[in-house]
Each structure stands twice: as structure tokens, then as C-alpha cells.
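Engineer: how would this look folded up:
(one chain, ligands or ions: 1)
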Amino acid sequence: MKVGGQHRRCIWLEDDGKTVGIIDQTLLPHRFATVRLETLQDAARAIVTMQVRGAPLIGATAAYGVCLALKADASDESLERAYATLIATRPTAVNLKWALDEMMAAVRNRPRDERVAAAYRRAADICEQDIAINRAIGRHGLALIEKIAATKKPGEHVNVLTHCNAGWLAAVDVGTALSPVYTAHDAGIPLHVWVDETRPRNQGASLTAWELGQHGVPHTVIPDNTGGHLMQHGEVDIAIVGADRVAANGDVANKIGTYLKALAAKDNDVPFYVALPSPTIDFTVTDGVAEIPIEQRSADEVATIAGRAADGRIATVRIVPDGSAVANYGFDVTPARLVTGLITERGVIGASREALAKAFPERANAAK
Ligand code: MRU
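Structural biologist: Next up is the predicted model:
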């Protein structure tokens with residue numbers, strides 16, 4: 001992804017080879033600023049405060065959080081503390097646990113003097129793997145978009161609807177749900193993206209719109225409740241969303257509001273696809289609707305809204321009466337029966353127990 005014409009990733013090692021750079025996503029789209037993470041606590045705070053967010057990027061940040069902890073103290077106690085601190089940061093995106101387990105496996109049985117180097121190697125691998133997976137998702141998703149483009153009249157755009165931010169900013173690079181979009185755009189397919197604003201944190205309005213704009217992809221931001229109307233009127237050719245956790249039965253946890261889009265898509269025969277890297281699959285969860293933990297976040301995120309005032313200042317204002325109760329569920333679970341297909345690095349597969357186990361037998365067997 002290019003920002004201001006310069007290629008950037010969402011997480012990187014600084015020049016000292018030890019501290020970690022991230023983009024402070026809480027400031028976008030108004031300001032592009034980077035932050036240096038020097039300690040385990042810095043990494044944990046970045047995840048909790050959503051300076052970084054998005055399942056794959058949370059996983060990558062946690063991996064480097066383990067590195068930062070071991071750099072300060074390579075003992076068993078320090079490793080256990082790092083795991084406990086980071087796993088507690090956010091409950092729904094399973095990439096966090098996946099990355100922490102990978103880090104544990106890479107360092108736990110090594111002598112202390114080898115742990116730091118081994119941890120940095122594994123964290124770098126996790127980042128490279130994320131990029132390779134996302135590129136493959138882009139190639140497989142491209143075929144879906146190409147097929148739709150072939151049936152459209154010449155000059156007509158393929159209209160894609162997406163929810164939340166599952167783009168470059170949610171990953172190390174490239175993105176998951178937006179990877180097919182970027183791949184198709186770069187291949188010259190005329191395409192336009194409906195961007196759900198994604199209340200309450202507005203990841204669509206603030207992040208997806210920003211990164212699509214950086215890449216030159218035509219897009220329109222819509223209030224979250226607009227998708228059904230657009231689908232009814234033939235204005236959506238395909239919905240592609242990301243995922244924070246996919247259960248063994250194909251149920252998909254994603255940003256709150258995804259389920260309603262899937263229902264509207266079903267009612268209007270709009271294909272509804274979920275793009276996910278395999279670390280987002282949790283084969284230990286057999287029934288996503290019943291078992292995936294849903295993060296409940298601060299009431300302030302619903303009761304207030306932040307934006308840029310006319311004088312350029314960033315301001316937060318209250319939009320809910322004092323005293324009104326507020327609920328803030330961060331995610332919902334879309335049942336597999338509403339999902340047309342899962343776009344994975346190993347191809348587009350059905351949202352079912354059988355298809356997931358067939359595509360990722362090593363992961364399915366390991367969870368038994
Ligand atoms: O709460 P967030 O911003 O971390 O939400 C996660 C997401 O970015 C979305 O749910 C996304 O669609 C899946 S992550 C690629």
C-alpha cells in the first residue's frame with residue numbers, strides 16, 4: 001500500500017532492529033502519524049486503545065509484543081507474563097491467540113540466550129506470511145469480481161459493498177476483504193465500493209474510505225443502514241467482508257452489523273463473501289453463534305462521536321442524552337447459511353465444516 005506515494009506496511013521494525021513502528025490509526029483520516037513501541041506494555045496499549053486493530057494486525061502486534069518483553073527479560077516468567085498480558089487485550093479476533101501460540105512454540109523450549117533472536121525471527125515470519133496469504137486471497141477474490149464484470153454492460157462498474165475495515169490497515173499489508181478489490185482495480189476492472197461507515201468506531205468512514213482513496217479506488221461512504229436499500233435496487237453486485245474469527249462450522253464473527261448485511265444480501269440474492277486468512281479460523285469452536293466471545297466495549301464509543309471541526313481541531317461531542325443506557329457490542333456472528341463462500345488463501349470454499357476441514361486439514365486435525 002502506498003501512502004503519499006511511498007510504500008508502507010502497517011507494522012515494521014525500526015532501524016535499531018528491535019523497537020517496532022506502527023501507524024496510530026486513532027488519528028486517521030485526519031492525521032497520519034506513527035508510533036514507536038518499545039515495551040510489552042506499549043504493544044498491549046496499542047491493541048487496547050485501537051491504535052492498531054483488525055484481526056491480522058492485532059496478531060502481528062502481539063507477536064512483536066512478545067519480542068519486546070523478551071528483549072527486556074528472556075525468562076520463563078517474562079514469557080508467561082507477555083502471553084497473559086497480550087491475550088487479555090481483545091477477546092474476539094482469534095489471530096491474537098494464534099500468533100501468541102506461534103510465538104510460544106518458537107521460543108519456549110529454547111535456552112534464554114537464543115530466545116530474543118528466535119522471537120524476532122518468528123514475528124517477522126508471521127508478518128511475511130500475512131502478506132503472502134492476503135495476496136493469495138486477492139487472486140482468488142479477483143476471479144469472483146472478474147466473473148461479475150463479464151456479465152455487466154461495458155463501462156459499468158462492479159459495485160462491491162464492504163463493512164468495517166478489512167483492508168491494508170487491518171493487516172500487515174494488502175488487507176483481506178479489500179485485497180480482491182485492490183487486485184481487481186489494479187487489473188483494470190472498473191469497480192466502485194460502497195463503504196459502510198461502521199458505527200460506533202467508524203472504521204469504514206475513517207479507515208476504509210481513507211485507504212481506498214490513497215489507492216485511487218472509487219468509493220462512496222454510506223450510513224450503516226443503507227445497504228439493504230441499495231441491494232433491493234440492484235446497486236450491490238457482491239458483498240465482501242472480513243472476519244475476526246471463523247468457527248469450524250463456517251459461522252463468521254465480524255464487526256457488529258455484518259449479520260444484518262448478510263440477511264439483506266440473502267433476501268436480495270446478492271452474493272455475500274467473507275475473506276479470511278487461515279489464522280482467523282478457530283477449529284476449537286464448533287458453533288460460532290453459540291461460542292464465539294463477543295467483546296463489549298466502552299459506552300463512550302456510542303454516546304460520543306469524534307471528528308474534525310471547521311477550524312481543523314479534532315473534537316469529541318456527545319450525541320446521547322445524559323443518563324440514557326448504552327450498549328456497545330463490538331462484533332456479531334453471521335451464521336454459515338448466510339455466507340455464499342469463504343475467500344481463503346487456498347481458494348474460495350463453502351462456509352461449512354466439511355469445506356473448512358478439507359481445505360485446512362492440518363489445522364482441523366490439530367484442534368481435535
Ligand atoms: O474492532 P476492530 O476494528 O479491530 O474490528 C476488526 C475489524 O477490523 C473488522 O471486524 C474486520 O472486518 C475484520 S479484521 C480483517
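Engineer: and Pro218, how far is that from Gln232?
Structural biologist: 22 Å (C-beta to C-beta, to the nearest Å). Where C-beta positions appear, they are placed from N, C-alpha and C, glycine not excepted.
Engineer: give me the contacts around whichever helix or strand Leu86 is part of.
Structural biologist: Taking DSSP states H and E as the definition, one finds Leu86 inside helix 76-87. The contact list for helix 76-87, computed with C-beta atoms under 8 Å, 6 or more residues apart in numbering, reads 40-41, 43-44, 47, 62, 65-66, 69-70, 72, 96-97, 100, 104, 107-108, 115.
Engineer: so Ala119 is in which element?
Structural biologist: helix 112-151.
Engineer: please compute how far that helix lies from its chain's middle.
Structural biologist: 13 Å (C-alpha atoms, centre = their mean, to the nearest Å).
Engineer: list the buried residues for that helix?
Structural biologist: Neighbour-count burial for helix 112-151, counted by 16 or more other C-beta atoms under 10 Å, picks out 115-116, 118-120, 122-124, 126-127, 129-130, 133-134, 136-138, 140-142, 144-145, 148-149.
Engineer: return the list of helices and strands in contact with the helix or strand just after that helix.
Structural biologist: Of the helices and strands lying after helix 112-151 in sequence (DSSP H and E), the nearest is strand 158-162. Contact here means 3 or more C-beta pairs under 8 Å, 6 or more residues apart in numbering; DSSP states H and E; on that basis strand 158-162 packs against helix 112-151, helix 178-186, strand 191-196, helix 227-232, strand 238-241.
Engineer: closest one to the ligand among those?
Structural biologist: Nearest to the ligand, of all the helices and strands packed on strand 158-162, is strand 238-241, at 5.7 Å by C-beta to the nearest ligand atom.
Engineer: within the sheet, what are the partner strands of that closest one, with directions?
Structural biologist: With DSSP bridges as the test, strand 238-241 is paired with strand 158-162 (parallel), strand 272-275 (parallel).
Engineer: count of neighbours near the closest residue to the ligand within the stretch 1-150 of the chain?
Structural biologist: Closest to the ligand within the stretch 1-150 of the chain is Arg53: 3.2 Å, counting by C-beta to the nearest ligand atom. By the criterion of other C-beta atoms under 10 Å, Arg53 has 24 neighbours.
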